[in-house]
Every structure is written in structure tokens, then in C-alpha cells.
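S.K.: Below are the sequence and a predicted model for it; my questions follow.
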Amino acid sequence: MADADRLTLSLSSGGDVVIKLRPDLAPDHVERITSLAESGFYDGVKFHRVIPGFMAQGGDPTGTGMGGSDLPDLKAEFSSEPHVRGVCSMARAQNPNSANSQFFIVFDDATFLDNQYTVWGKVESGMEHVDALPTGEPVANPGRIEKATVA
């Protein structure tokens with residue numbers, strides 16, 4: 001949805017995380033995230049990798065970190081937007097053009113990721129619910145996205 005500007009993730013850790021979408025930085029990635037959210041793809045998906053002081057990663061329906069959607073991978077839309085607390089960025093494999101459905105939310109300064117991962121949004125409210133996700137790599141009892149909605 002082209003005019004959507006917020007993604008809300010209702011988390012199992014107890015609340016909603018509202019993310020301001022940044023189509024000005026990554027229009028194709030925002031389109032992918034919103035279309036997957038609208039289709040229900042993210043509902044029930046785990047945060048399979050949560051590293052304190054770094055980031056929480058989710059968006060893989062298999063919960064293994066190896067899965068994605070049936071859609072083609074995306075071409076990178078890297079920017080100099082800094083990876084600081086609350087920034088939402090796409091996970092990818094070694095190939096820069098391999099982002100698909102997995103994403104991560106940064107806990108603290110991770111500017112070493114700048115210009116290497118596609119930033120598509122920033123948490124506006126509810127970061128405390130991301131902070132409350134169970135940690136691990138992989139997470140033994142992972143937190144989940146109960147519902148993802150776009151408005």
C-alpha cells in the first residue's frame with residue numbers, strides 16, 4: 001500500500017511496536033514488508049535470533065534463519081542512514097541482493113552496518129517490547145509477532 005506509513009507489530013512480549021516506514025530510503029523493501037504484513041505472512045513468526053546490545057531478528061516463517069517468502073529476493077537499497085537504536089533493517093545472506101522477508105531491529109549503535117544493510121524503518125514507540133524479547137542465538141523459547149498490521 002503506497003500511502004501506508006506505519007507498521008505495527010503486536011508482540012508476544014506484551015505490546016505493540018509501531019514502526020515509521022521509510023520509503024524515501026528503500027521503496028522496494030517497504031513495499032515488500034507492507035505486502036507481507038498485509039497478507040498475514042508475519043503473523044505468528046518468531047524472533048529467532050536476539051542478541052542483547054545488538055539486534056532482534058525475525059521474519060523467517062521456518063524460525064531457523066534460513067527461510068523467507070516465496071517472492072524473489074530484493075535488490076539492495078543501501079543508504080547512509082545510521083543503524084542506531086530502533087532502526088529496522090533487512091537481513092540478508094552474503095549476497096547484498098539477497099534480502100527477502102527477514103529483518104532486524106537494532107538495540108544499540110550498530111553503525112558498522114551502515115551502507116551494507118537496507119534500512120526500511122524506525123521504531124517510534126514500543127521499543128521496550130523489543131527489549132523484552134527472549135534472547136539467544138537461536139532463542140530457546142522465542143518471542144513472536146502475534147500480528148503485523150499496516151496503516
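M.R.: Perfect, thanks for sending it.

S.K.: and the most centrally placed residue in the chain, backbone torsions?
M.R.: For the chain, residue 103 is the residue whose C-alpha lies nearest the centre (Cα atoms, centre = their mean; 3.1 Å). With angles defined as degrees, to the nearest 10, residue 103 sits at phi -140, psi 170.

S.K.: could you show me where the helices are in this protein, in order?
M.R.: 27-38, 127-131 (DSSP state H).

S.K.: buried stuff in the first one?
M.R.: Spelled out, it's helix 27-38. Residues 29-34, 36-37 are the ones in helix 27-38 that count as buried (16 or more other Cβ atoms under 10 Å). All C-beta spots, glycine's among them, are computed from the backbone N, C-alpha and C.

S.K.: How far off centre is it?
M.R.: In terms of Cα atoms, centre = their mean, to the nearest Å, the centre of helix 27-38 is set 11 Å apart from its chain centre.

S.K.: same thing with the shortest one?
M.R.: Helix 127-131 has its average C-alpha position 13 Å from the chain's average C-alpha position, going by Cα atoms, centre = their mean.

S.K.: And the contacts of that helix?
M.R.: 11, 13-17, 56, 85-86, 105, 107, 123 (Cβ atoms under 8 Å, 6 or more residues apart in numbering).

S.K.: just the buried members of these?
M.R.: Among the contacts of helix 127-131, the ones that count as buried by 16+ other Cβ under 10 Å are 11, 13, 17, 56, 86, 105, 107, 123.

S.K.: so who does the fifth one touch?
M.R.: The neighbourhood of residue 86, defined by Cβ under 8 Å, 6+ apart, consists of 105-106, 122-124, 127.

S.K.: same thing but at 6 Å, please
M.R.: 122-123, 127 (Cβ atoms under 6 Å, 6 or more residues apart in numbering).

S.K.: ok, it to residue 64 distance?
M.R.: Counting by Cβ to Cβ, to the nearest Å, the gap from residue 86 to residue 64 is 26 Å.

S.K.: burial measure for residue 52, as a count.
M.R.: 12 (other Cβ atoms under 10 Å).
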